[in-house]
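Structure here, sequence nowhere to be found:
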C-alpha cells in the first residue's frame with residue numbers, strides 16, 4: 001500500500017511542476033540554474049523515452065505511445081503482484097516507475113506530448129531534457145536492477161554456503 005502513496009506523490013509532484021513550467025517559461029526558452037551545467041528549458045517531447053521517435057512522423061503516433069505506456073503499466077502491475085513482500089527495494093522502484101509512467105501518460109493523453117524541462121549539459125554536450133516523471137522512472141529502474149543484483153549475490157552466497165557444509 002505504501003507503494004501506491006509513493007506513486008501518487010510522484011504523479012502529484014510531476015503534474016504540479018509541468019503547469020508551472022508552462023506558465024512561467026515560454027516554449028523553447030531557458031533559464032540557467034547552474035550555469036554551464038543545468039538549465040530549466042521548456043521543451044515538448046512527442047516521442048518516447050529520451051526523445052526516441054520525437055522527430056518521426058508516424059500516423060497515430062500518440063495513440064501508439066499511449067498504448068505502449070498502458071501495456072507497460074499492465075506489466076508493472078503483473079510484476080508487482082508476483083513480487084514477494086520482503087523485496088522492499090524492488091517494490092520502491094516499481095512505485096517510482098508506476099508514478100512516473102502515469103505522470104507522463106497523463107501528459108500524452110491530455111496534450112499529445114510530454115513536457116520536459118530539466119536540461120543537463122556540459123559545453124555542447126546535452127543529455128536529453130527530462131522531467132520529474134522521467135527522474136522517478138530512472139531511479140525506480142535503478143532500484144529494481146540493484147535489487148536484482150543484491151538478490152543474485154544473496155542467492156550465490158546461500159548456494160556457496162550449502163556447497164561447503
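Perfect, I can see it now. Source: prediction; values computed, not measured.

what about this structure, any weak spots by pLDDT?
1, 47-62, 154-165 (pLDDT under 70).

mind listing what the residue lying closest to residue 116 once chain neighbours are set aside touches?
Nearest non-adjacent residue to residue 116, counting by Cβ to Cβ, 6 or more residues apart in numbering: residue 129, 3.9 Å away. Yep, even glycine has a C-beta here, placed from its N, CA and C like the rest. Contact analysis of residue 129 by Cβ atoms under 8 Å, 6 or more residues apart in numbering lists 41, 43, 45, 51, 116-119.

run the last query once more with 10 Å
Applying Cβ atoms under 10 Å, 6 or more residues apart in numbering to residue 129 gives the contacts 30, 39-45, 50-51, 114-121.

for residue 151, same thing?
When contacts are counted by Cβ under 10 Å, 6+ apart, residue 151 touches 84, 87, 89-90.

Pull out the buried residues from those residues.
87, 89-90 (16 or more other Cβ atoms under 10 Å).

quick one: which of those residues is nearest residue 34?
residue 89 (30.0 Å; Cβ to Cβ).

Check the burial of residue 121 by counting its neighbours.
Number of residues near residue 121 (other Cβ atoms under 10 Å) recorded here: 14.

what's across from it in the sheet?
residue 126 (DSSP bridges).

Find the nearest non-adjacent residue to the residue nearest to the spatial centre of the chain, please.
What sits nearest the mean C-alpha location of the chain, by Cα atoms, centre = their mean, is residue 137, with 2.3 Å. Among residues not flanking residue 137 along the chain, residue 100 sits closest, at 3.7 Å (Cβ to Cβ, 6+ apart).

Please identify the helix or strand for that neighbour.
In this structure, residue 100 sits in helix 88-111 according to DSSP states H and E.

Residue 14: neighbour count?
24.

and it, what does it touch?
99-100, 102-104, 106-107, 114-115, 131-136.

quick revisit: ok, the residue nearest to residue 116 to residue 72 distance?
Distance, residue 129 to residue 72, using Cβ to Cβ, to the nearest Å: 21 Å.

How about the contacts made by residue 102?
7-8, 10-11, 14-15, 69, 73, 76, 133, 136.
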